[in-house]
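[1] build me a structure from this.
(chains A and B)
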Amino acid sequence: MVSETALRRLAGLQLGLVSLLILAPVAWMVLSSFKPSAEVTAYPPTLWFTPTLDNYRQLFSSTPFARYTLNSLIVATGSTLIGIGFGVPAAFAVSWRRVMWPALVTLAARMAPGTLYLLPWYLMFRWLGLVGSYWALILTHAAITLPIVIWVLLPFFDAVPHSVLESAQVDGCSVARTLWRIALPLVVPGLVVSAILAFIFSWNYFLFALVLCDSDTKTLIAASFNFIGEGATYWGALMAAATLIALPPLVLAFVVQRRLVSGLAVGAVKG
Amino acid sequence: MNAPASPRGSLAALTLPAVVFTVLMIAFPFAYTLWLSFQSYTLGSPERFAGAGNYLALLRDPLFASGLRITLLLYVLSLGLQLSLGTYIAVLLHASKRFAGVLRSLLISPFVLPPVVVGMMWLVILDPAIGAANWILQGAGLPRSDWLASPRWVIPTVALIDSWQWTPFVALIVLGGLQSLPPSVYEAAQIDGASRLRTFWRVTFPLLLPSIVTAAVLRSVDLLRFFDIIYITTQGGPNDSSTTLNIYGFREGFEFFNLGYASAIMITLSTIVLGAVLAMSYARRRVQW
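    As a prediction, this is how the structure comes out:
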């Protein structure tokens, strides 16, 4: 019979291997971004090198990287605000009335391939003359953030005791006032989590910006897709860009750690 | 004095912005794509009713057939890898309580990375000539691979990349299931003197099935409409060997502007995704306890 400690050690060892497999590619990306450009493409690859910021300098001097960052921030913030603005009252009403269909309908955006919506969106925004505008990106990304906000907030609103809401009604509070003054302060943690998740999703989203942005509104994600086409000579700068783009979602994800998985599992738990 | 508005009416009013947004941005575009899929419509020329023409053309289209085959191959490879490895890692995490806290924060990092970052990272590592992956293979005395540049290995390679990113997600969902199991079930098995492996297969695994199926549903939705990592790394190549249905539909729509045909591809793909989700939801009800 194998002893308990031996088994535990064996599990620890395997988990060490798993962590290494998860970490190694990310570490390689970060390391490469600090390599002198000649060494990024050296074969065999070098593990010891004098770290330099040259790749980051090249990135900022040869591309409008700050502008792309600003574009990404505008789109992610805008679509998060719309998601919160439309999603909070909807989640409150759905939770109070226990009618699920409005929440379920928003899930359709998560189920169907993005291309299905992108075809009519493209025609729609072209007709409105909005292709290449921030609005096209913000509105399409809001189709992603809205269901996240509604579904992440639902359990938080469900946890607010009905008696509290009903006594507010008896005291003559309007429904909107009950939401604003009574329920909302009780779900602040949920509000923070849903805003952070919505922001991460919009920041990361690839497909819509690929078609709907132009050179002035290009997001970091769409811009770095174009960097890839420019080829291996810029590997160092490419890895520097990848490292910088990865930072905001990584940092935010650590803030919401425990809620992250249930946020991503939106809809599947109840649906 | 105004009578207080009935909560019924005002609650409906609160859902109004979300409902209007959903109608304009989701329901109407969906209906429009469905309508387009019955038209013969190339951007710039007027649309013309085509009946089931687009759908009939799909049946005779070799690229659609290979797209379907590639989509399903990628789906089966990735889902199998992610569910089995994910469950295994969850069991390991559950067994070693000491590392679980630290590892949880590590495990979330792959799947919060933007697909573009994951694509760039692996393009550099998997470069056939100077990538680190071939250097490691060579060091271990194994043959080098062309990875994403090989028509034969591109789909298994994409499955590996996707599994690197999403196996931790599956592991965390299954871990959640493990942690919610009542300890009494193990005690009963221990009293009966069942071996560990036997306890796992006969007691733990059936109780875990609902969480595993939940993970499977979530991954199925993403895997069947696979797009990002492939478009970023290979754009469907080499020689269409990684052209999934979603990639094919996108290219028909936005490279050739065959909007009617692209719509038919997207409607067909959505039906496949919906079918898989419904089948799995049914399966989940069967394994519920």
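[2] which residues does residue 234 contact?
    By default, I'm working from chain A. A:58, A:227 (CB atoms under 8 Å, 6 or more residues apart in numbering or on different chains). For glycine as for every other residue, the C-beta is placed from the backbone atoms N, C-alpha and C.
[3] the intended chain is chain B.
    Counted by CB under 8 Å, 6+ apart, residue B:234 has contacts B:148, B:154, B:158, B:242.
[4] what's the worst-scoring helix or strand of chain B on mean pLDDT packed up against?
    Using mean pLDDT, DSSP states H and E, helix B:184-191 stands out as the lowest-scoring helix or strand of chain B, at a mean of 73. Contacts defined by 3 or more CB pairs under 8 Å, 6 or more residues apart in numbering or on different chains; DSSP states H and E place helix B:184-191 against helix B:196-199.
[5] send me the helix it packs on as PDB with only the CA atoms.
    The C-alpha coordinates for helix B:196-199 follow below in PDB (Å, rounded to 0.1, in the frame of the first residue of the first chain):
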ATOM      1  CA  ARG B 196      -8.200   4.700  -4.400                       C
ATOM      2  CA  LEU B 197      -8.500   4.100  -8.100                       C
ATOM      3  CA  ARG B 198     -11.700   2.100  -7.600                       C
ATOM      4  CA  THR B 199     -13.100   4.800  -5.400                       C
END
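[6] specify the local secondary structure of residue A:129.
    coil (DSSP: H, G, I helix; E, B strand; the rest coil).
[7] in the biggest helix by length in chain A, which residues are buried?
    Longest helix in chain A, counting residues (DSSP state H): helix A:65-97. Residues of helix A:65-97 classed as buried by neighbour count (16 or more other CB atoms under 10 Å in any protein chain shown): A:65, A:68-69, A:71-72, A:75-96.
[8] what do you get for stretch B:55-62?
    Buried-residue list, stretch B:55-62, by 16+ other CB under 10 Å: B:55, B:58, B:61.
[9] give me the helices and strands touching the longest helix of chain A, please.
    Checking 3+ CB pairs under 8 Å, 6+ apart, helix A:65-97 ends up next to helix A:101-111, helix A:134-158, helix A:188-204, helix A:220-229, helix A:235-264, helix B:7-22.
[10] spatially central residue for chain B, please.
    Note on chain B: the residue nearest the mean C-alpha position is residue B:222, at 2.2 Å, using CA atoms, centre = their mean.
[11] quickly find the element holding that one.
    Per DSSP states H and E: residue B:222 is located in helix B:205-224.
[12] can you check residue B:134 too?
    Residue B:134 belongs to helix B:132-139, assigned by DSSP H and E.
[13] close to chain A, is that helix?
    Yes: counting by CB under 8 Å from any CB of the partner chain, contacts between helix B:132-139 and chain A involve B:132, B:135.
[14] same check, this time on stretch B:96-112
    Yes: Stretch B:96-112 reaches chain A (CB under 8 Å from any CB) through B:96, B:98-99, B:103-112.
[15] could you pull out the helices for the stretch 151-289 of chain B?
    Under the criterion DSSP state H, counting those that start in this stretch, the stretch 151-289 of chain B carries helices at the ranges B:154-179, B:184-191, B:196-199, B:205-224, B:228-233, B:245-254, B:259-287.
[16] which of those helices sits closest to residue A:242?
    Proximity to residue A:242 (CB to CB) singles out helix B:228-233 among these, at 11.2 Å.
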